[in-house]
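*Asks:* Dropping a prediction and its sequence here:
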Amino acid sequence: MLHGPCGSGNGPDEVFGRLLFGDTGEKDPEVYHTLMQERPGTVGAVFIHNVTDANPQDARFAGFTLFSDWSEVLQATQQRNLGLLQGIP
């Protein structure tokens, strides 16, 4: 489980919230759903690495980006303009 701020770096009132990274091997999706319910607006996006060949249509991944290859994360953050890895060609 890895998390960190994204966006402009303006402190706790980040425009985009936090990016959360987890995997399908344990309970990361369930933990992240609970966090999002308990602290609305603090999470900008959740990325779940599919390490178990889980079904992407499974309800535990609802609202999250399920990925197999890390290049999918970069593409998704660019599409959403999340500012991840800004300045890296």
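*Replies:* That came through fine.
*Asks:* Number of residues surrounding Met36?
*Replies:* 17 (other CB atoms under 10 Å). Using the backbone N, CA and C atoms, a C-beta is placed for each residue, glycine as well.
*Asks:* nope, Gln78 is what I was after
*Replies:* If you count neighbours by other CB under 10 Å, Gln78 ends up with 13.
*Asks:* Am I right that it is in a helix?
*Replies:* Yes. Gln78: assigned to a helix according to DSSP: H, G, I helix; E, B strand; the rest coil.
*Asks:* Name the nearest residue to the most centrally placed residue in the chain, sequence neighbours excluded.
*Replies:* Per CA atoms, centre = their mean, the C-alpha nearest to the average position across the chain is that of Val46, at 2.0 Å. The shortest distance from Val46 to any non-neighbouring residue, by CB to CB, 6 or more residues apart in numbering, is to Phe64 (4.2 Å).
*Asks:* surely the one you found meets Val31?
*Replies:* No. In terms of CB atoms under 8 Å, Phe64 does not count as a neighbour of Val31; the distance is 11.7 Å.
*Asks:* the more surrounded of these two?
*Replies:* Neighbour totals were compared for Phe64 and Val31, and Phe64 leads with 20 against 13 (other CB under 10 Å).
*Asks:* Can you give me the pLDDT of the more buried one?
*Replies:* pLDDT for Phe64: 95.
*Asks:* The one 10 residues further on too?
*Replies:* Model confidence at Leu74, given as pLDDT, is 86.
*Asks:* if we can go back for a sec, what packs against the helix or strand hosting the residue nearest to the centre of the chain?
*Replies:* Using DSSP states H and E, Val46 sits in strand 43-49. The contact analysis (3 or more CB pairs under 8 Å, 6 or more residues apart in numbering; DSSP states H and E) places strand 43-49 against strand 18-23, helix 28-38, strand 65-67, helix 70-79.
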